Every structure is written in C-alpha cells, then in structure tokens.
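J.: Below are the sequence and a predicted model for it; my questions follow.
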Amino acid sequence: MIPLHVLLGMLFLSQTGIGILGNSILLSVFIFTNHKLRATNQIISQLTLANFLSVLSRGIPMTISAFGVKDFLDDTGCKIDFYLQRVSRGCSLCSTCLLSGFQAVVISPNSPPRDELKARAPKYIISSCLFCWVFNLFSEAGIIVGMGGPQKSNTSFVQTPDLIFCTWKDPISNFVLLTTFRDVFCVGLMICISSYKVMLLRKHFQQVQHLHRTSCNLRASPEIQVTRSILLLAFVFVSFYLINSIFAMCQTFLYPSSWLVNVSAFCVLCFPTISPFLLISRDSQIARACCALIGRHKHGSPA
C-alpha cells in the first residue's frame, strides 16, 4: 500500500506540473505571438504571470514537504517563498477583478458617458496592472517580518502557527488589515460586477430570442463569448477563494493541523492551475494563437 505522504506528494506534484505547463503555454503565446492580441489580453498576461509565480512558490515547496523532506527552507528561504506566495496571490486577485471590470465596461450598453469610458479604458490597462504589482509588493511587506523558518523544539515563541515547513513568528501584524481589506474589496467587487454582467447577458439572450439577427447595443458575439469565459474565471476564483477562507479560519481559530494546511494549499493552487486551460478552451483567439505557436515550433520557425 502506498504511504499517505507519497500520495499527497504525487497529488501536489501533478497539480504543480499541470499548472506550470498551462501557464507556460499561455505566457509563451503572449511573449512570442506575432499579431497583436486584444486589450483584455494585456490583463490576462499579468494574471498568467501571477499564477505562474503562485504555482512555483507554493506548489514546489508543498510537493517537497509532502514527500517528507524536512527543514529544506531556512529563515531567509521562508521569508522569500511566502512573500512571493502572497504577492502572486494578491496580484492574481487584483488582475481577475480588473479583468472583470474592464470586460463589464466593454459590453455595457452604448450611451455618451459609457462611450467615453470605453474609449479611455484601454489606455489605463498597463498603468492599472503596474499599480496591482506595486500595491501588492508593498502591502505584503509584513510577511518579511512575520515569517520565520521551521520551529525548533527549544524555540522561545509561544503558539506560533505551524505552516509545515515554516512558522509565523508574529501572526498578528498590521499588514493583515490591509490585505484583508484588499481581499474583501476585490472579491465583493467581482461579485457585484459578475451580477451586472449576468444581467446584461440575460438581456442579450432575451433580445436574441426575439430577433434572429439582432443589432442590439451589446456588440457582436465574440465580446459575449469573452465575457462568458471571464465570468466563469471570476466564478472559479471566488469559489476557491471562499473554500480556502473557510479552511484558513479553521486553521487559525479552531484546530491548527497539517491536514488543514495541505487542503488549504491545494485549494489555493486550484485556480492558477485551472485558469490557463479555461482561457485556452473557451477563448477562440487565445486558442488559435496557441495552435499557431505550437505549429510554428513543431515545423520550425523560419530563419
């Protein structure tokens, strides 16, 4: 019979491998594609980069730990690793929220104020993405102070939560308030935006039901398809975020255990692992770009 820790290690190894593969393919499309992709893909590229870092920084240490390797990270290694985990997770959250908001602007019905917003919104995508990274780099700085290496038997710290291969030296820090506000704000905003987009899609569907060829304010079906894929992406993120939050609260307030840490880490890794395949399978432009990139590498690029 295969030991439980080996099964757990194989699970994390598979999840990490699939996540690295999917995000690498998507990053390659954005880096090496010859034609210009639409404006939303500037945000998706930032989301993919954040997801790639999240899989690397969380998936690899969890895999090593699950296979039974102890104390493979020292104090500095824990600080760097958990800082990257938190920053990449925060950027993934902000990018998903930004992506949902931008697509809501794109498909909103035409009117003079909205038309001006639609024209100006693409100009602020790059600056908004940069703000997401800078904000999360600063807001997660408390991790560097609060995180420590593996807890020793003779440690003087009392009730430090064990994170399997690292520990919190100071579990109650000021940065928790800022990151909690960020999480609640972005998740709440995504839920509101998603509800608005569902209403628009429902209205569009009703119009199509009455007209075989509609010329409604919602533009052609490619925008609708992209909206549905982004809506699904936001739903997946919020779902796994809420599930992870439940396990995190149990870990903090009820009974800390390595089992809860493993389940929480698995839930956190689900979104960055699944999201690139959701985007590739449901977005025709990204899918065509992937096929073109794979075909070009398969037959060899011209000199």
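T.: Okay, I see it. Only a predicted model underlies this, so the values are computations on that prediction, with no experimental measurement involved. Residues are numbered from 1 along each chain as shown.
J.: The biggest helix by length in the chain: how far from the chain's middle?
T.: The longest helix of the chain (DSSP state H) is helix 175-210. Mean C-alpha position of helix 175-210 versus that of the full chain (CA atoms, centre = their mean, to the nearest Å) differs by 16 Å.
J.: Give the buried residues for it.
T.: The neighbour-count check on helix 175-210 (16 or more other CB atoms under 10 Å) flags 175, 178-179, 182-183, 186-187, 190, 193-194, 197, 200-201, 204 as buried. Yep, even glycine has a C-beta here, placed from its N, CA and C like the rest.
J.: Quick check: what element follows that helix along the chain?
T.: Counting by DSSP states H and E, the next helix or strand C-terminal to helix 175-210 is helix 221-249.
J.: could you say what helices and strands the helix or strand just after that next one packs with?
T.: Following helix 221-249 in sequence order, the next helix or strand is helix 258-282 (DSSP H and E). The contact analysis (3 or more CB pairs under 8 Å, 6 or more residues apart in numbering; DSSP states H and E) places helix 258-282 against helix 4-32, helix 40-54, helix 60-66, helix 75-107, helix 221-249, helix 284-299.
J.: Point out the most buried one among the ones you listed.
T.: The highest mean neighbour count among those, using mean count of other CB atoms under 10 Å, belongs to helix 40-54: a mean of 23.
J.: That helix packs against which elements?
T.: Counting by 3+ CB pairs under 8 Å, 6+ apart, helix 40-54 packs on helix 4-32, helix 75-107, helix 125-139, helix 258-282, helix 284-299.
J.: ok now it, how far from the chain's centre?
T.: Centroid displacement of helix 40-54 relative to its chain, using CA atoms, centre = their mean, is 8 Å.
J.: which residues sit in contact with residue 50?
T.: 88-89, 91-92, 95, 272 (CB atoms under 8 Å, 6 or more residues apart in numbering).
J.: try 10 Å
T.: 23, 87-96, 129, 132-133, 136, 272 (CB atoms under 10 Å, 6 or more residues apart in numbering).
J.: Give me the below-cutoff pLDDT ranges for this protein.
T.: 1-2, 34-37, 151-163, 169-174, 204, 208-222, 252, 255-256, 284, 292-303 (pLDDT under 70).
J.: So residue 82 versus residue 93, what's the distance?
T.: Distance, residue 82 to residue 93, by CB to CB, to the nearest Å: 16 Å.
J.: I meant to write residue 28 there.
T.: Relative to residue 93, and taking CB to CB, residue 28 is found at 24 Å.
J.: can you check residue 271 too?
T.: Plainly put, residue 271 is 10 Å away from residue 93 if you go by CB to CB.
J.: got any residues that touch both of those two?
T.: 237-238, 241.
J.: Going by distance to residue 143, which of these wins?
T.: Closest to residue 143 out of those is residue 241 (18.7 Å), distances taken as CB to CB.
J.: so what's the closest residue to that closest one other than its chain neighbours up against?
T.: Distances taken as CB to CB, 6 or more residues apart in numbering put residue 187 closest to residue 241, at 6.1 Å, once the chain neighbours are dropped. Neighbouring residues of residue 187 by CB under 10 Å, 6+ apart: 93, 96-97, 234, 237-238, 241-242, 245.
J.: Using a markdown table, lay out the residues you listed together with distance to residue 70.
T.: Shown next, in a markdown table, are these (distance: CB to CB, whole Å):
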| residue | distance to residue 70 |
| --- | --- |
| 93 | 31 |
| 96 | 35 |
| 97 | 38 |
| 234 | 38 |
| 237 | 33 |
| 238 | 35 |
| 241 | 30 |
| 242 | 32 |
| 245 | 29 |
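J.: Nice, that's everything, thank you.
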